[in-house]
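K.L.:
Pasting the sequence and the predicted coordinates here, then a few questions.
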Amino acid sequence: MLVFGFWTTKICNTRSTQQNRNVLFCLKKDPFPGEAPIPQKQLQKFQRGKKCKVPAGARERLKEAIAISEAMSEHAQKQAARYDLLLPEDAGFLEGDEDEDTNTISQADIADAVDITSGSKYFNLHLSQFGPYRLDYSRTGRNLLVGGKKGHVACIDWQTKDLKCEMNVMETVNDVKWLHTEAMFAVAQKRWLYIYDSKGVELHCVKKFNDVLRMQFLPYHFLLATASATGFLQYLDVSIGKEVAAICTKMGRLDVMAQNPHNAVIHLGHPNGTVSLWSPNQKESLVKMLCHRGAVRSLAVDKTGTYMVTSGLDRKLKVYDIRAFKPLHSCFLPAGASCLSLSQRGLLSAATGEIVQVYQNVLGSNPVSKPYMAHRLRGQIWGLAYCPFEDVLGIGHGEGFTSMIVPGAGEPNFDALDTNPYRSHKQRQEWEVKALLEKVQPELIGLDPGQLSKVDQASFEQRHKEQIEALGFDPLAKDKFKPKTKKKGRSSAGAIEKRKRKVAHEDQRDEIRQSVQERTEREKELKEKSNEKKLGNKSTLDRFRK
Amino acid sequence: MQNENLVQISFFNQLMLVHPRKKQNERSEASVQVSEYFVNAEGTGDKVNLSDLLGTVEKTSGASNKTKKQLRNLQSSKETLELPLNKQQTEKIQRGIAYEKTTAEVSCWKNIILQNQKAEQMVFPLNQESSGPKRVEQVVAGWKVQTPLEQEIFRLLHGSRQPVNDPVLTPVEEQSLKAMSLEEAKIRRAELQKARALQSYYEAKAKREKKIKSKKYHKVQNKAKRKDFLKQFDEMVKTNPEGALEELKKMELSRMEERMSLKHQNSGKWAKSKAIMAKYDDSARKAMQEQLQMNKDLTQKMVVPSDDEHESIEEGLETVPDFVNDPETVIDPVNPWMRGQLTHEEPEVSCVTAEEVQTAEEENEEEEIIGEFERKRKLRQADEEDLIPTEEERKKIQEDVSEFNTLFRLMRSEKTREGSNQTRGGLNTAGEEDEEGLLSEGQIRVRSIEDLEVLDEVVEPRAIEEPSAPQTAAAEATSEPPHKKKREINLKEVLTKEAKAVRLPFLPTVVDEEERDEQISIIKEAFAGDDVISDFIKDKSRQEAAGRPAVVDLTLPGWGEWGGVGLKPPRWKRKRFRIKTAPPPPRQDQKLPDVIISEKRTASVASHQVSQLPFPFQNTAQFESSIRTPIGSTWNTQTVVKNMTKPKVVTKLGAIIEPMVKEDFIKSKTTSAGDLVFLSNCPEKINFIIFFCCKP
């Protein structure tokens, strides 16, 4: 068994800069002229959208504007790619010996094999009294919040095992959630929603939010989204303490909830096998998709907002591409998955009865095979969450809490200006102010997060129409082709008409030409591929074979 | 004397006061003070002539000849002076001139203003010295050496002209690199001048020649050119065979173009008119024939010059009627590149076959026919040799061709009857046949009769079998499984999609009592809504129906017909008065059976979005792409953020922003004297410029 360091550091070969400087009167020549080249792959990583081409008959000002913006975005892309060098950390992974499955390796073995600090990340909290636990890690990954069904709530700095507060709210606890900082958390209790600070002092009892079963916090919008047993999806703006939206979903009890970190859309799972997507701006669901034949038991959306994983009562696990709303693949888990969680690097953990299984390479086209890791616990599992920026999976179950080591789960490089696990008190305060200033308004939540950078087409068209009416002509229209007058009787009415016909539908022709070209290229590629296949059977050395 | 005079004047004045109307007779005497009122021409009559006044000039010795001459000219000219323009007109002209002057003055600022408008950032005050570290020389410039030690050091430094602060070259070297000697520059300039002059001459000449409309002239010119070219080509064949090949290719291309075009085909307007005339006019006929001849010449295949003896035979073989080539033989899509190779190698093959056919001892019917062809061809060649065939000859040719056609058909029919490849089998060896098989994979262009045989035998069977294979291949390549439009959800596709059982390392243990209760509740919940799928389909169809625009019914029952309960308006009425609005754009979830996507437009974002295109952009795509890169520090490096968000105008705190001075920006350009003169005319400062520059 091999465990490769959690954050193995890359060793970069820097260009040797020690050049002899014995140049006196001869011309110095730079052996590496110009800027250091940037690998294409890195450039592609930071590419934003497609380049805009300057149209053929563009005005001077337009040309300049496009040129400037293009130059700027290229510069930004290049610089970002260059600075990518400053993210040197790499994700670790687990590798078994020959004929050894990684899922048979026990947590104790891993904890023994790795260094002490990493080993200490595997631990159990035996809390059998107030059983099954739900949990939440703070955004920086330093603090852990656990809430037992029977009212036990505690927050811990899990790395130092420093207990911040512990209390019993003397009521059923349905869910717990950190708010924007580790100074406040929300607890969904039997009747109302409560907000406590990190010392356990009750700050608010929000009576507008009743019978809350599940909660999600949208960090960039400062919104706490709650799903209740009465079928209401409510949004609470924690920065101003106002309810932003209350939507009656008319879908019955809502106990399956997830958020899409890419566009802040809330995903809800329903007993009729559908998953619905919600934003606070629309009273009806943005999208509703039928995922399972039975009820949906759990949901998870990956960090990039590309994939959604669902599990249902029909004991299926399905992976969807939520950009196209199409299923990628599904698999059958004999025990069914009651809880799902996706890590920052795309590891999927599924709680099947008492066993937690971790799958690798689930997101993508290749189907689910055997699990990457597995861990057995005592008691039913109620909560699963990966710790951000750590290779740790937190499991809340009937017997307490277990922290499990999963190499390769966490993102090794963190953005210190956004979520810094090592930030001081002062830095946190600073960050809070900045985050509040940069708060995204709830109106901007929608399926397409880039909506804001697009022109509002409907009102644009309306305005354009009005403009045409007022002016009597279309200011954006291309001017009609006017053939030049030619001498020697060549400008007869017929000849002019002919010349006009030559340029008529020129742009349409361009489009057609382009599409035809694309098609032929595609066909060519296909042909080449098939040719390759044909040739693939024969190699050049085949002729020597007997 | 003077006193006397004064007395007289006063006296006259008094007289005038007394008798104001009385004309005064004046004496004209030389005096210091001469009043204009007292001048008269009493003594000589009513008028004073110019000649009287100037007469003395001729005699005076001091006056120059030039003035004398001018005066004489003035005297002889009888014209009266023109009336001066009236005030309005003069002012208008002056205004015009003033306008032109000021525009010239102001427009010299145009460039700098444009430049400043375009500039991404303006820093005021302008022409600041750079704040960065300065070179030693710049700092030292105003500093005087004082102590003898300093003097010595400076003498050393400047004496050797060594680089002071690590420049790559010494100033001397730099200068020497930059400078070009005067003679050299002069020579270069002269060369350039000459070249330019030559070019302009040449251009003028070409233009002149191009304008000449005479057809004959151009004809002669072209002919000469062609001859010249041929000569050159012959030379090139010897000296530069590659270039010659290239030229040959060009010729081939031009031949192709000629063949494709309708030029010289006697199909134009002119040709048609000539054709009508041809019956009666000999010259018209001639012209037409000339045209045809031209066509023949131009479309004739160029022969690769070689010293082979086959050349003559080839030439003989080449003239085959065009209809032979008419049906395009099957293009092999698998390897179209074979085509080029074939055409390149084909003449050789044909030669071989021709030779062998000729030398073959077997005498059969074909042989006879070929012989006949030979004869005919020779005849025709003889005809073609005299360039202007007469009417009879043309007829003859036509007859020949028709005979040729019939012969050809006859031969084909015989060929099919025989349906064997005995001749080829007899003629070609096995190796050759192999080669033939390899070569005949592509399109074959037939140029000789011998080729025709080959075509018949080899290509035809291929033509049957070839197209089927690529078609199927293409079908395999391009066709995707046809997407059927389904209303119903295919269960296999949606829900039980290739579910794979996963092997577990641990099996789940027996469920506890508590869990069992929970499970039961879950199961109950699960089966609450029984048929999940049909519910979903219903939901979706309901949504679709809601999205469809309603039909407006404007039928008036009972209008123009019987009305009453249970009566339906007739069909024509329904057709006419039920207004259907245009269908909405297709739903996003049209092809996703298990998804409902809401078609509602979210108005919440709209208030934050841009709804008007900013100025230079012409469409939304351009604008959107121009703002696609975020400028925030979350997504960019610090330098990029600074660069992207830099202010348009920067002013230095406490510094006086002086208006722009002309010398500041023009100094780099001013070299000629004219500019300097112009500069002195310009106002020193223009205050309003600053506003133009600040405009964002």
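P.N.:
Good, I have the coordinates.
K.L.:
And the pLDDT at A:S298?
P.N.:
Looking at A:S298, its pLDDT is 95.
K.L.:
Please apply the same query to A:K502.
P.N.:
84.
K.L.:
Give me the pLDDT for residue 85.
P.N.:
Looking at chain A here, since you left the chain open. 85.
K.L.:
You answered for a different chain; I wanted chain B.
P.N.:
If you check B:L85, the pLDDT there is 91.
K.L.:
Let's verify the closest residue to it other than its chain neighbours: helix, strand, or coil?
P.N.:
Once flanking residues are discounted, B:L85 sits nearest to B:I93: 7.7 Å by Cβ to Cβ, 6 or more residues apart in numbering or on different chains. Backbone N, C-alpha and C define where each C-beta goes, glycine included. Secondary structure assignment for B:I93 (DSSP: H, G, I helix; E, B strand; the rest coil): helix.
K.L.:
Double-check that B:K249 belongs to a helix.
P.N.:
Yes - with three-state DSSP as the criterion, B:K249 is located in a helix.
K.L.:
Next, find the distance separating it from B:E242.
P.N.:
Taking Cβ to Cβ, to the nearest Å as the measure, B:K249 falls 11 Å from B:E242.
K.L.:
Among the two, which residue is more densely surrounded?
P.N.:
For B:K249 versus B:E242, neighbours defined as other Cβ atoms under 10 Å in any protein chain shown are more numerous around B:K249 (11 against 8).
K.L.:
confidence score at that one?
P.N.:
Looking at B:K249, the pLDDT reads 90.
K.L.:
biggest strand in chain A by residues?
P.N.:
Secondary structure assigned by DSSP state E gives strand A:202-210 as the longest strand of chain A.
K.L.:
Which strands or helices does that strand pack on?
P.N.:
For strand A:202-210, the packing partners by 3 or more Cβ pairs under 8 Å, 6 or more residues apart in numbering or on different chains; DSSP states H and E come out as strand A:192-197, strand A:223-228, strand A:232-237, strand A:242-248.
K.L.:
just so I know, which of those lies nearest chain B?
P.N.:
strand A:242-248 (10.2 Å; Cβ to the nearest Cβ).
K.L.:
wait, does the following helix or strand past that closest one contact chain B?
P.N.:
Remark: after strand A:242-248, the chain's next helix or strand is strand A:256-260, criterion DSSP states H and E. No - Strand A:256-260 stays clear of chain B (Cβ under 8 Å from any Cβ of the partner chain), getting no nearer than 11.5 Å.
K.L.:
Show residues contacting strand A:256-260.
P.N.:
A:213-216, A:218, A:225, A:227, A:265-270, A:277, A:296-301, A:305, A:308, A:322 (Cβ atoms under 8 Å, 6 or more residues apart in numbering or on different chains).
K.L.:
filter the residues you listed down to the ones close to chain B.
P.N.:
A:R297.
K.L.:
Wait, a helix at B:R574?
P.N.:
Yes - counting by three-state DSSP, B:R574 is located in a helix.
K.L.:
Look at it and report its pLDDT.
P.N.:
84.
K.L.:
and the closest residue to it other than its chain neighbours, how many neighbours does it have?
P.N.:
Using Cβ to Cβ, 6+ apart and skipping the chain neighbours, the partner closest in space to B:R574 is B:T555 (6.3 Å). B:T555 has 15 neighbours, counted by other Cβ under 10 Å.
K.L.:
thought B:T555 was touching B:R571?
P.N.:
No - between B:T555 and B:R571 there is no contact under Cβ atoms under 8 Å: 10.8 Å.
K.L.:
Show the backbone phi and psi for A:N124.
P.N.:
phi -120, psi 140 (degrees, to the nearest 10).
K.L.:
roughly how far apart are it and A:E98?
P.N.:
Counting by Cβ to Cβ - A:N124 and A:E98 are separated by 31 Å.
K.L.:
my read: A:S349 touches A:I355, true?
P.N.:
No - counting by Cβ under 8 Å, A:S349 stays clear of A:I355, with 10.6 Å between them.
K.L.:
In terms of packing, which of these two has more residues around it?
P.N.:
A:S349 (30 against 20).
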